[in-house]
Structures are given as C-alpha cells and as structure tokens.
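Colleague: fold the following.
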Amino acid sequence: MIRIVKMNYKEEHIQDFLNLFEERKLQIRNSKGCNYLELWNDKDNQTIYYSYSIWDDVSDLNEYRHSELFKDTWSKFKTWFQDKPQVFNIEKKKLYYE
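Modeller: Next comes the predicted model:
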C-alpha cells in the first residue's frame, strides 16, 4: 500500500519540520511493515511537502499510526501546519511497462 501525505507548513516552521523529520525518519522507516519512506518538496511552493511511504498492508500502517512515535511526531507537525494535510492511500492495480 502506498501512502502519500501532503503537508503545507508555515514558512517559519519549515526548518523545525525538516529537523524533526530527519531525527525520526529511521524510526519511521523501521516501523513494522514500512518498506520505503521518502520526503518530497513541491517544486513551485517551498512550503508544501509530501511524505511518500510504502507499507505491507493497512494493518501495519494503522499499527504505526497508533504508536507513541507517530503520536509524538504528528502532534508536533500539526502545530506547524498552514493548512489541513491531505492523505492519499493508494493501491497499485496493474503494472505497466513500455
């Protein structure tokens, strides 16, 4: 399962966010069922970031979302948001090759 979270941060808190993400990324990545984690920055709007993660299944993601790691990290992120985040849970249906 692929999860993409779009987050728009207040400009004055971008460095706070980046520092905390850097500090926690390995713990998040090493959570049960997390196979991949990446952070993207919008090319046209430097306050918008996307987390891109791949999970074995939704139960592993939910287990992480109920962990102390998530609760502590997300509680800090939320105070720095400029807008409400958007969450996308995506499942590949078919692979295409050229």
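
Colleague: residue 72: neighbour count?
Modeller: Per other CB atoms under 10 Å, the neighbour tally for residue 72 reads 12. Bear in mind the C-beta positions are built from the backbone N, C-alpha and C, glycine included.

Colleague: not including adjacent chain positions, what is the nearest residue to the residue most central in space within the chain?
Modeller: The residue lying closest to the centre of the chain (CA atoms, centre = their mean) is residue 51, at 3.3 Å. Nearest residue to residue 51, sequence neighbours excluded (CB to CB, 6 or more residues apart in numbering): residue 5, at 4.7 Å.

Colleague: neighbouring contacts of the host helix or strand of residue 25?
Modeller: Using DSSP states H and E, residue 25 falls within helix 14-29. Residues from elsewhere that reach helix 14-29, judged by CB atoms under 8 Å, 6 or more residues apart in numbering: 7, 9, 34, 36-37, 39, 46-47, 49, 53, 64, 69, 73, 76-77, 80.

Colleague: repeat for stretch 35-45
Modeller: So stretch 35-45 is contacted by 8, 21, 25, 28-29, 48-56 (CB under 8 Å, 6+ apart).

Colleague: with just CA atoms, put it into CSV.
Modeller: Output of stretch 35-45 as CSV, limited to C-alpha atoms (Å, rounded to 0.1, in the frame of the first residue of the first chain):
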residue,chain,number,x,y,z
ASN,A,35,9.2,-0.8,3.2
TYR,A,36,10.1,2.7,1.9
LEU,A,37,9.9,6.3,3.1
GLU,A,38,10.7,9.4,1.1
LEU,A,39,10.2,13.2,1.6
TRP,A,40,9.3,15.4,-1.4
ASN,A,41,9.2,19.2,-1.7
ASP,A,42,6.8,20.9,-4.1
LYS,A,43,8.9,22.5,-6.9
ASP,A,44,6.6,25.5,-7.1
ASN,A,45,5.7,26.0,-3.5
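
Colleague: buried residues, it. List them.
Modeller: For stretch 35-45, the neighbour count (16 or more other CB atoms under 10 Å) marks residue 37 as buried.

Colleague: for residue 16, see how far away residue 61 is.
Modeller: 25 Å (CB to CB, to the nearest Å).
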